[in-house]
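A.B. asks: Could you look at this predicted model? Sequence included:
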Amino acid sequence: MRDTAGGPRVLLKRLRELMQEPLEPQTRLDRIVREIAANMVAEVCSLYVLRADSVLELYATEGLNPGSVHQAQLRLGQGLVGTIAASARPLNLSEAQQHPAFAYLPEVGEEAYNSFLGVPVLRAGRTLGVLVVQNRTKRTYREDELEALETTAMVIAEMIATGDLVRLTRPGLELDLTRPVSFDGISFNDGIGLGHVVLHEPRIVVTNLFNEDSDQEVRRLEQALSSLRLSIDDMLSRRDVAFEGEHRQVLEAYRMFANDRGWVRRLEEAVRNGLTAEAAVEKVQSDMRARMLHMTDPYLRERMSDFDDLANRLLRQLMGHGPDALAQTLPKDSIIVARSMGAAELLDYPRDRLRGLVLEDGAATSHVVIVARAMGIPVAGQMKGAVSMAENGDAIIVDGEEGIIHLRPQPDLEAAYAEKVRFRARRQEIYRELRSQPSLSKDGVAVDLLMNAGLLVDLPHLADSGAGGIGLFRTELQFMVAATFPRAEQQERLYSDVLDAARGKPVTFRTIDIGGDKVLPYFKSVSHEENPALGWRAIRLTLDRPGLLRTQIRALLRAAGGRELRMMLPMITELGEIRQARELIDREVRHLSRFGHDLPTQLRLGAMLEVPSLIFQLDELMAAVDFVSVGSNDLFQFVMAVDRGNTTLSDRFDPLSVPFLRVLRQIAEAGERSGTPVTLCGELAGKPISALALLGVGFRSISMSAASIGPVKAMLIETPVAELRAFLADNLAGNSAELPMRMLLQGWAEEHGIPL
Ligand code: PEP
Ligand code: MG
């Protein structure tokens with residue numbers, strides 16, 4: 001930058017003054033471009049802003065035809081300006097007309113200018129516009145001039161983001177940043193949430209852009225960097241991360257990046273150009289994010305989010321923001337929008353202020369989703385790009401029924417959703433009224449409707465859903481949300497809290513079911529498995545690590561002292577596994593009684609039926625245990641050879657098909673024959689239509705998520721079970737069924753006025 005024109009520091013100072021003056025937005029913009037042109041000794045300076053219809057509109061110019069302001073337009077990708085916006089990269093050209101993308105716009109009158117320097121106006125990795133300077137002479141702009149223009153573009157990004165320019169837009173031509181957008185993803189938990197965006201680990205808004213004294217600011221930056229490094233070292237040396245595992249690798253990567261010379265140099269350069277340390281972090285991060293946007297390499301993209309996290313941590317160091325400052329200022333209808341999130345982080349938000357959760361990544365089995373489900377909040381996932389499109393405080397709707405979100409929705413859409421919420425609330429009211437009614441079918445058959453649980457947050461639902469007890473308590477969830485193995489006392493405390501909360505209603509604890517898709521970050525199982533679902537998991541793993549199982553058994557026995565204990569073993573493949581587990585249990589019982597501990601009044605041991613091998617030894621199985629619980633999620637995946645987590649195949653095969661229903665009937669009948677109680681606790685039990693099929697093949701006990709109890713009970717009360725059983729018997733015999741079973745069941749339910 002030439003000294004005669006004052007350099008970047010003088011320019012930034014002038015811009016700051018202009019931002020503070022009480023000017024009309026257009027006047028402010030006109031003055032800004034004039035100031036930039038003068039400072040950079042350029043004949044032209046122009047600003048193009050990106051509209052919602054992907055058109056770049058000329059908003060201000062010094063040097064080009066003033067009549068073309070708000071008239072001249074380029075599509076995204078069209079011309080030099082459109083190319084910069086589309087690629088989010090600057091262009092520095094000494095002969096602009098020679099560039100293949102050059103497009104001639106007669107109204108602006110730029111034919112006289114040869115050299116061209118244009119930079120994207122970026123905010124949080126999104127392009128909001130393009131800022132350009134031009135000169136008649138053929139010259140290449142220097143690196144420091146490019147830096148200065150990029151820094152200026154940041155100031156303009158701030159003006160756009162804070163809504164300063166909205167008043168300059170004509171009706172129907174909104175700016176890209178304010179337009180309504182919808183994202184299509186996947187539903188992770190049912191429910192509708194209307195509220196306002198809270199960005200998880202929000203991009204901290206930097207309001208103080210310009211420094212007074214570069215040397216002092218560089219020192220501030222250095223101090224913050226060294227505190228950041230210390231805090232990472234500190235995390236690495238803490239006992240709970242001193243294990244091998246993903247957590248540690250992530251932190252190691254952070255440490256490496258915090259010392260990355262290139263990153264630190266770019267930060268310092270930006271401060272030397274006049275920015276505050278905070279603004280420098282934001283600028284460097286924004287540039288990097290925009291460049292990485294086009295990378296497809298998953299490893300590099302993953303590294304980018306590490307850098308993002310690191311930049312956020314650095315900003316917090318600089319601004320002295322504690323992580324809990326946000327929780328206090330949280331809106332009452334918060335919808336958390338996050339790239340990804342740990343389960344424990346969600347629990348940090350006060351439940352009474354949460355209306356929904358949106359994730360860019362995640363899977364239905366992610367820990368955070370399991371926790372969100374337990375908290376009863378709607379969750380939509382796989383919303384690529386949601387974080388960068390959303391601003392804190394934006395209105396948003398999460399449709400967990402369909403797996404859609406609407407950001408900045410139009411009023412009529414919002415009204416339609418508000419109606420939907422009211423409708424769902426009325427339905428919930430009906431379910432609440434059913435709560436106290438006995439769980440009997442229309443023809444008086446008693447059916448146990450139980451709920452699935454796994455964390456303390458589930459327990460209030462036991463009372464408010466009217467469930468008859470807990471049919472499946474997934475003990476591994478406590479292990480999954482923890483940073484290290486929960487100690488024996490912690491396990492015992494949870495189990496005894498659960499039994500206290502159940503107030504005498506039956507609770508079935510499943511012993512720890514890890515492996516497969518349930519990995520503990522702090523526990524290295526085996527090196528690599530080709531087929532983890534068929535691998536070292538559940539009972540297979542715990543029998544090989546008896547210390548783990550014995551600790552849990554002891555915690556369960558102690559927690560249930562003086563009351564009944566029901567324990568169930570996951571993924572049993574052969575009866576020998578039940579025998580082995582029983583031996584361990586007996587040993588623990590002997591141990592506790594030797595030391596005079598209170599023992600359970602009754603101990604009932606059950607097996608989960610998830611592996612098809614048990615279907616061929618049903619009578620022996622029934623004789624070997626006190627009860628059986630069908631895990632339909634796993635049983636279906638193994639009977640049909642279809643991965644339960646594979647979304648491409650999820651609708652391909654129907655559990656309500658003749659062969660699978662025959663399998664289920666066989667199991668229910670074996671239970672009836674032997675007098676061994678049989679329950680089903682997979683997802684199948686939670687949908688009224690499939691629960692109807694289960695009643696029809698003989699199940700008299702089913703366990704589901706708490707939210708499903710109401711709808712299933714509403715179905716049960718209207719169902720004549722004996723008639724249904726005869727109907728299914730007819731249709732499961734031979735090849736008589738002409739239509740798919742699901743359709744036949746739907747038709748039958750409709751004829752009988754059964755709500756599904
Ligand atoms: C099942 O497999 O159906 C089951 C209930 O266990 P999980 O879903 O926890 O594997
Ligand atoms: Mg299972």
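C.D. replies: Now that the structure is in, tell me what you want to look at. Ligands and ions are numbered 1, 2, ... in the order given.

A.B. asks: Next one: residue 318 from residue 40, what distance?
C.D. replies: 29 Å (C-beta to C-beta, to the nearest Å). For glycine as for every other residue, the C-beta is placed from the backbone atoms N, C-alpha and C.

A.B. asks: ah, wrong one, I meant residue 29
C.D. replies: 17 Å.

A.B. asks: tell me the contacts of the residue most central in space within the chain?
C.D. replies: A centroid search over the chain (C-alpha atoms, centre = their mean) returns residue 359, at 2.8 Å, as the residue closest to the centre. By C-beta atoms under 8 Å, 6 or more residues apart in numbering, residue 359 lies in contact with 188, 338-341, 366, 368-369, 379-383.

A.B. asks: So which of the residues you listed sits lowest on pLDDT?
C.D. replies: Lowest-confidence member of the contacts of residue 359: residue 366, scoring 67 (pLDDT).

A.B. asks: shaky segments in the stretch 201-350 of the chain?
C.D. replies: 202-205, 235-254, 292-306, 309, 321-328, 342-345, 348 (pLDDT under 70).

A.B. asks: Show me the strands in it, by range?
C.D. replies: 334-338 (DSSP state E, counting those that start in this stretch).

A.B. asks: if you go through it in chain order, where are the helices?
C.D. replies: Along the stretch 201-350 of the chain, counting by DSSP state H, counting those that start in this stretch, helices occupy 214-237, 246-258, 261-272, 277-292, 298-319, 325-328, 343-347.

A.B. asks: cool, the stretch 501-650 of the chain as well?
C.D. replies: 538-544, 546-559, 575-594, 618-624, 632-640.

A.B. asks: of all these, which lies closest to ligand 2?
C.D. replies: helix 632-640 (3.8 Å; C-beta to the ion).

A.B. asks: Could you see whether ligand 1 lies near that closest one?
C.D. replies: Yes - using C-beta under 6 Å from any ligand atom, helix 632-640 comes into contact with ligand 1 via 632-634.

A.B. asks: element containing residue 118?
C.D. replies: strand 115-123 (DSSP states H and E).

A.B. asks: tally of neighbours for the closest residue to residue 486 other than its chain neighbours?
C.D. replies: Leaving aside its sequence neighbours, residue 486 sits nearest to residue 478 (C-beta to C-beta, 6 or more residues apart in numbering; 5.4 Å). For residue 478, the neighbour count with other C-beta atoms under 10 Å is 19.

A.B. asks: Please apply the same query to residue 21.
C.D. replies: Neighbour tally, residue 21, other C-beta under 10 Å: 9.

A.B. asks: cool, residue 340 as well?
C.D. replies: 15.

A.B. asks: Go ahead and confirm it touches residue 357.
C.D. replies: No - using C-beta atoms under 8 Å, residue 340 is not in contact with residue 357, being 11.2 Å away.

A.B. asks: got any residues that touch both of the two?
C.D. replies: Counting by C-beta under 8 Å, 6+ apart, the residues touching both residue 340 and residue 357 are residue 368.

A.B. asks: Which single residue of the stretch 651-756 of the chain approaches ligand 1 most closely?
C.D. replies: residue 682 (2.9 Å; C-beta to the nearest ligand atom).

A.B. asks: So which of the contacts of residue 359 is the closest to residue 393?
C.D. replies: Residue 393 has its nearest neighbour among the contacts of residue 359 in residue 338, at 15.9 Å by C-beta to C-beta.

A.B. asks: For the closest residue to that closest one other than its chain neighbours, what are phi and psi?
C.D. replies: Closest residue to residue 338 apart from its sequence neighbours, by C-beta to C-beta, 6+ apart: residue 200 at 3.5 Å. Main-chain torsions, residue 200, degrees, to the nearest 10: phi -70, psi 140.

A.B. asks: Touching, residue 200 and residue 337? I think so.
C.D. replies: Yes - using C-beta under 8 Å, residue 200 is in contact with residue 337, at 6.6 Å.

A.B. asks: ok, the two, which is more surrounded?
C.D. replies: For residue 200 versus residue 337, the count of surrounding residues by other C-beta under 10 Å is larger for residue 337: 28 against 19.

A.B. asks: What's opposite the more buried one in the beta bridge?
C.D. replies: residue 199, residue 358 (DSSP bridges).

A.B. asks: Next, the contact list for it, please.
C.D. replies: Contacts of residue 337 (C-beta under 8 Å, 6+ apart): 197-200, 358, 386-387, 390, 396.

A.B. asks: need the residues of the protein near ligand 1, please.
C.D. replies: Counting by C-beta under 6 Å from any ligand atom, the chain sits next to ligand 1 at 472, 474, 513, 610, 631-634, 681-682.

A.B. asks: 5 Å instead?
C.D. replies: 631-634, 681-682 (C-beta under 5 Å from any ligand atom).

A.B. asks: now for the residues you listed, which pair is the farthest apart?
C.D. replies: 634 and 681 (10.7 Å).

A.B. asks: Name the residues contacting each of those two.
C.D. replies: Going by C-beta under 8 Å, 6+ apart, residues that sit against residue 634 and also against residue 681 are residue 608.

A.B. asks: the more surrounded of these two?
C.D. replies: residue 681 (27 against 23).

A.B. asks: residue contacts, that one?
C.D. replies: Contacts of residue 681 by C-beta under 8 Å, 6+ apart are 450, 452, 471-472, 608, 629-632, 702-704.

A.B. asks: Pick out whichever of those sits closest to ligand 2.
C.D. replies: Distances from ligand 2 to those, taken as C-beta to the ion, are shortest for residue 631 (3.9 Å).
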